[in-house]
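Chemist: just coords:
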């Protein structure tokens with residue numbers, strides 16, 4: 001052997017080959033990770049929309065109560081000549097009830113809150129897994145987020161007792177995150193991402209089906225009924241009582257009518273986005289099972305983003 005030959009420690013050679021193999025055979029391509037990022041962003045933006053529906057409906061119930069109160073008469077004189085304050089006391093209590101209507105969450109509100117908590121926890125897991133700063137600390141963070149996802153799922157299942165519970169996936173994410181470390185960490189990050197997206201697909205489909213069902217069968221019918229049988233009825237009652245209305249009262253009723261109709265439009269967008277969300281997530285699973293370069297953005301994610309953007313625009317008008 002030539003005395004000038006360079007001797008390479010087999011241990012270092014093995015490490016070098018492992019590094020080259022990991023970077024040459026990454027689990028997902030950059031284009032695939034980019035699509036996960038786009039989906040995650042749309043998911044995070046969607047989480048505020050169903051809650052905005054419940055919030056707006058609470059405001060409408062409050063307004064209806066206040067409009068009904070404005071129809072009351074006060075300061076009547078009793079038989080002994082004293083002023084009767086009973087009606088004013090009663091109305092004061094009704095004003096407090098109006099506050100409870102706006103801020104209190106009924107069964108529908110609690111169901112939506114629980115659904116959005118699961119969706120938010122899942123989005124946070126994906127956000128951690130696509131981070132450029134994924135390291136030992138973030139791996140621990142992912143494990144904690146997985147536990148948060150399970151906790152949110154448990155709370156969700158406690159509310160939706162009428163059907164088979166949604167299977168928890170956070171433990172699987174936490175277990176996979178614990179196995180990552182060292183030079184293998186970055187490669188493992190993408191592996192966790194791929195496995196998480198696939199494992200969460202059944203959860204996502206059941207979750208979005210429930211959100212769609214709540215809005216379709218409960219909130220939207222309630223909104224349609226509100227305009228016809230609540231707002232319209234109270235307006236006619238007040239108008240007939242006073243014979244003539246101030247511009248403030250008319251403006252109040254108009255704004256309430258506008259909020260009602262805008263919230264119905266928002267409900268339609270939330271329903272449409274829930275349906276598209278399921279399709280977009282399924283396409284994400286299909287396009288991340290094996291490594292490949294995606295020439296084009298996933299169309300279903302584009303559609304989800306567009307629908308969420310439309311809904312957010314209406315949502316700003318509703319809750320401004």
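Modeler: Sure thing, it's come through. Because the structure is a prediction, the values reported are computed rather than measured. Numbers count the residues shown, from 1 in each chain.
Chemist: show me the helices in the stretch 201-320 of the chain, by range?
Modeler: Taking DSSP state H, counting those that start in this stretch to define them, one finds helices in the stretch 201-320 of the chain at 220-226, 232-242, 247-286, 299-318.
Chemist: by mean pLDDT, show me the worst of these.
Modeler: Comparing mean pLDDT across these, the weakest is helix 232-242, with a mean of 88.
Chemist: ok so, going back, so which of the helices of the stretch 201-320 of the chain is nearest residue 293?
Modeler: helix 247-286 (15.2 Å; Cβ to Cβ). C-beta here means a position set from N, CA and C on the backbone, and glycine is covered the same way.
Chemist: next, the angle helix 232-242 makes with the closest one.
Modeler: 170 degrees (axes from the mean of the first three to the mean of the last three Cα atoms, to 10 degrees).
Chemist: run through this protein and note the low-pLDDT ranges.
Modeler: Applying pLDDT under 70 to the chain flags the ranges 1-27, 74-75, 78, 81, 83-84, 104-106, 132-140, 161-163, 172-189.
Chemist: center of it, which residue is that?
Modeler: Residue closest to the average C-alpha location in the chain (Cα atoms, centre = their mean): residue 47, at 1.8 Å.
Chemist: got the contact list for it?
Modeler: By Cβ atoms under 8 Å, 6 or more residues apart in numbering, the contact set of residue 47 is 116, 119-120, 123.
Chemist: with residue 58 instead?
Modeler: Contact analysis of residue 58 by Cβ under 8 Å, 6+ apart lists 101-104, 109.
Chemist: can you tell me which of those residues are in helices?
Modeler: Residues of the contacts of residue 58 located in helices (DSSP state H): 101-103, 109.
Chemist: what about burial for the residues you listed, which qualify?
Modeler: Among these, those classed as buried by 16 or more other Cβ atoms under 10 Å are 101-102, 109.
Chemist: so where do the strands sit in the chain?
Modeler: Counting by DSSP state E, the chain has no strands at all.
Chemist: hang on, the earlier thing: for residue 130, state which of the buried ones among the ones in helices among the contacts of residue 58 is nearest.
Modeler: Nearest to residue 130 out of those is residue 109 (Cβ to Cβ; 31.4 Å).
Chemist: and the gap between residue 241 and residue 125?
Modeler: Separation of residue 241 from residue 125 (Cβ to Cβ, to the nearest Å): 56 Å.
Chemist: more neighbours: these two, which one.
Modeler: More crowded of residue 241 and residue 125, by other Cβ atoms under 10 Å: residue 125, with 28 against 12.
Chemist: list the contacts for that one?
Modeler: Contacts for residue 125 (Cβ under 8 Å, 6+ apart) come out as 142, 145-146, 149, 170, 173, 196.
Chemist: that concludes my questions; thank you for your assistance.
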